[in-house]
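Need a 3D model of the sequence below.
(one chain, ligands or ions: 2)
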Amino acid sequence: MKTYLVTGAAGFIGANFVKYMLKKYQDIKIVILDSLTYAGNLGTIKEEINDDRVEFVKGDIKNRELVENIFYRHNVDYLVNFAAESHVDRSIENPQIFLETNILGTQNLLDVAKVHWMLGKDEGGYLIYKDGVKYLQVSTDEVYGSLSKDYEEAIDLLLEDEEVKQVVKDRVNLKTYGDNFFTEETPIDPRSPYSSSKASADMIVMAYAETYKMPINITRCSNNYGPYHFPEKLIPLIIKNILSGKKLPVYGDGKNVRDWLYVEDHAKAIDMVVNNGRLGEVYNVGGFNEEQNINIVKLTIDTIAKIMKEEPEYQKVLKTDLSNINYDLITFVKDRLGHDMRYAIDPTKIATELGWYPETNFEVGIEKTIRWYLDNQDWVEEVASGDYQKYYKQMYEN
Ligand code: NAD
Ligand code: TYD
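Ligands and ions are numbered 1, 2, ... in the order given. Modelled structure (predicted):
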């Protein structure tokens with residue numbers, strides 16, 4: 001039986017990962033470490049923490065004593081680090097906590113794992129570790145900076161690798177807004193306080209791999225979407241606002257491009273990298289789905305309006321008249337400072353080495369996501385109380 005220490009699993013992606021793993025593997029132990037910041041909610045993992053295979057520990061990844069205690073009590077095989085401050089807009093307002101959690105927290109986890117996993121030293125003085133252990137750092141495509149946008153409209157994806165094209169051809173619409181992509185060889189070039197802190201964390205992870213020969217992987221994924229996404233990020237914020245007839249704040253001209261990845265496909269990728277990734281390697285994880293923000297917003301409006309008309313029982317969640325759900329809700333607001341223009345991932349490496357591809361077409365994924373929010377308004381109400389109201393006012397009502 002493998003034991004996973006999963007940090008940040010009361011948040012969006014970590015929670016989805018834990019749900020995926022518990023469903024997939026019967027014989028598994030998961031220890032969750034999460035300090036429950038504004039972005040972490042026990043309601044997101046309420047079924048999981050009652051599962052005998054799960055232990056929940058409330059605490060900070062920077063707390064050495066606490067992390068050591070977990071390692072003393074459990075035979076941790078894999079440490080998967082999702083815990084982070086994750087929102088670019090918040091990092092622009094208050095960078096310091098991003099450096100503390102994302103950099104120092106990562107280093108603390110690495111250091112405790114090193115001490116507990118090492119068996120001794122080889123002749124060259126390098127550390128030797130227990131068999132089969134691994135540290136996986138969940139990073140982001142944002143560490144690569146920003147790509148140019150060469151096309152106004154999406155056209156077929158210009159992937160060079162025919163094999164990869166073939167793998168995904170029948171499953172996804174291949175879309176791009178440019179002819180350059182992030183690969184694992186793309187130089188790190190972060191531009192926001194958030195992405196700089198994540199890039200710094202990646203470098204610390206690589207430093208532990210080089211200096212102490214720590215068994216590690218790094219995954220760098222594109223923008224995730226799906227259930228349990230905190231409504232400060234674009235898609236859940238737009239869904240929430242549409243349902244209450246509030247304005248939809250689109251930064252700048254709305255033409256910035258993100259590559260959207262359904263969160264369950266990401267969970268699957270992490271499982272594959274933990275279990276089969278080559279030690280020391282970075283794997284990029286992308287959705288093959290680039291889209292301009294404005295088109296995401298329009299598609300979300302169209303999909304909600306369609307569901308409401310075809311299944312009128314859903315209208316009970318509306319806090320506005322159905323006739324208000326149209327493009328008039330869109331409001332262009334002041335652009336984000338240093339707003340990255342385009343992210344796009346070439347996932348050839350993970351597709352060819354590990355056989356991973358994003359299974360969920362965007363049209364299918366966005367409808368699943370919207371339906372989840374319609375069915376789980378209690379969750380939205382719960383997470384969007386307190387701090388969220390204050391944040392929203394500060395961010396959007398000036
Ligand atoms: P999230 O903000 O929803 O969740 C983060 C979780 O970490 C929360 O549960 C929070 O309570 C916890 N946390 C924060 N600081 C902590 C600390 N000091 N100690 C312990 N726990 C702490 O984030 P997410 O969207 O689920 O992202 C997870 C990871 O994936 C992050 O590392 C993020 O950088 C990365 N990532 C996210 C996206 C995305 O689209 N959401 C894309 C690329 C990479
Ligand atoms: P976001 O979901 O914050 O993710 P990230 O900044 O990590 O990509 O934002 C996605 C895109 O949507 C980004 O280009 C900024 C834009 N955006 C808006 O236009 N309005 C909003 O209210 C938010 C939160 C984001």
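
Near ligand 2, which residues of the stretch 151-300 of the chain? Just list them.
With Cβ under 6 Å from any ligand atom as the criterion, the stretch 151-300 of the chain meets ligand 2 at residues 223, 233-234, 237, 249-251, 256, 258, 293. Placement of C-beta: from N, CA and C, glycine included.

Would you show me how to pick out the buried ones of the residues you listed in ChimeraX?
Filtering these down to the buried ones (16 or more other Cβ atoms under 10 Å) takes a single ChimeraX command:
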select :223,233,234,237,249,250,256,258,293
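
Tell me which two in the residues of the stretch 151-300 of the chain next to ligand 2 are the farthest apart.
Of all pairs drawn from those, the widest gap by Cβ to Cβ lies between Asn223 and Pro249 and measures 17.0 Å.

about what we covered before: what about the residues of the stretch 151-300 of the chain next to ligand 2, which are in strands?
In this view, those that belong to strands under DSSP state E are 223, 249-251, 258.

to the chain's geometric centre, what's the distance from stretch 39-50?
17 Å (Cα atoms, centre = their mean, to the nearest Å).

what about dumping the CA coordinates of that stretch to CSV?
Output in CSV follows, covering the C-alpha atoms of stretch 39-50 (Å, rounded to 0.1, in the frame of the first residue of the first chain):
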residue,chain,number,x,y,z
ALA,A,39,-9.0,29.1,-0.7
GLY,A,40,-9.2,25.9,1.4
ASN,A,41,-12.5,24.5,2.5
LEU,A,42,-13.3,21.4,4.5
GLY,A,43,-16.7,21.3,2.7
THR,A,44,-14.8,20.5,-0.5
ILE,A,45,-13.4,17.2,1.0
LYS,A,46,-16.1,16.4,3.6
GLU,A,47,-16.7,12.9,2.2
GLU,A,48,-13.0,12.2,1.8
ILE,A,49,-12.0,13.1,5.4
ASN,A,50,-14.5,10.6,6.7
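
hmm, that stretch touching ligand 1?
Yes: Stretch 39-50 is in contact with ligand 1 by Cβ under 6 Å from any ligand atom, via 39-40.

what's the answer for stretch 288-306, then?
No: using Cβ under 6 Å from any ligand atom, stretch 288-306 never reaches ligand 1; the gap is at least 12.9 Å.

how close does Glu359 sit to ligand 2?
Between Glu359 and ligand 2 the distance is 22 Å, computed by Cβ to the nearest ligand atom, to the nearest Å.

Quick check on that residue: phi, psi?
phi -80, psi -20 (degrees, to the nearest 10).

confidence score at it?
Confidence at Glu359, expressed as pLDDT, is 90.

Give me the nearest residue to it, chain neighbours excluded.
Asp265 (5.7 Å; Cβ to Cβ, 6 or more residues apart in numbering).

show me the residues around that neighbour that make contact.
287, 358-360 (Cβ atoms under 8 Å, 6 or more residues apart in numbering).

Most neighbours out of these, which is it?
Neighbour counts for the contacts of Asp265 (other Cβ atoms under 10 Å) peak at Gly287, which has 29 neighbours.

The residue nearest to it when sequence neighbours are not counted: how many residues sit nearby?
Closest residue to Gly287 apart from its sequence neighbours, by Cβ to Cβ, 6+ apart: Leu261 at 3.5 Å. By other Cβ under 10 Å, 28 other residues sit near Leu261.

After the helix or strand of the chain with the lowest mean pLDDT, which helix or strand is next? Please name it.
Ranked by mean pLDDT, DSSP states H and E, the weakest helix or strand in the chain is helix 162-169, scoring a mean of 71. Later in the chain than helix 162-169, the nearest helix or strand by DSSP states H and E is helix 193-212.

That next one: which residues count as buried?
In helix 193-212, counting by 16+ other Cβ under 10 Å, buried: 193-202, 204-206, 208-209, 212.

Check stretch 253-267 too.
Those buried within stretch 253-267 under the rule 16+ other Cβ under 10 Å are 254, 256-267.

residue in the stretch 151-300 of the chain nearest to ligand 1?
Closest contact between the stretch 151-300 of the chain and ligand 1, by Cβ to the nearest ligand atom, is at Asn224 (3.8 Å).

just checking, that residue touches Ala15?
No: counting by Cβ atoms under 8 Å, Asn224 does not reach Ala15; the two are 11.5 Å apart.

Neighbour count: those two, which is higher?
Ala15 (26 against 22).

pLDDT at that one, what is it?
98.

Arg90 now?
So Arg90 comes in at 97 (pLDDT).

likewise the one 4 residues further on?
Listed pLDDT for Asn94 reads 96.

got the residues of the stretch 101-250 of the chain near ligand 1?
101, 105, 138, 140, 198, 221, 223-224, 230.

all helices of the stretch 251-398 of the chain, in order?
263-276, 293-310, 348-354, 362-375, 377-383, 387-396 (DSSP state H, counting those that start in this stretch).

Among those, show me which one is buried the most.
helix 263-276 (a mean of 21; mean count of other Cβ atoms under 10 Å).

So for that helix, mean pLDDT?
For helix 263-276, the per-residue pLDDT averages 98.

how about that helix, does it reach ligand 1?
No: Helix 263-276 lies out of reach of ligand 1 by Cβ under 6 Å from any ligand atom, never closer than 8.1 Å.

Let me know the angle separating that helix from helix 362-375.
With axes from the mean of the first three to the mean of the last three Cα atoms, to 10 degrees applied, the angle from helix 263-276 to helix 362-375 works out at 110 degrees.

in the chain, what spans have low per-residue confidence?
167-173, 398 (pLDDT under 70).

OK, now which residue of it is nearest to ligand 1?
For the chain, Cβ to the nearest ligand atom, closest residue to ligand 1: Gly11, 2.0 Å.
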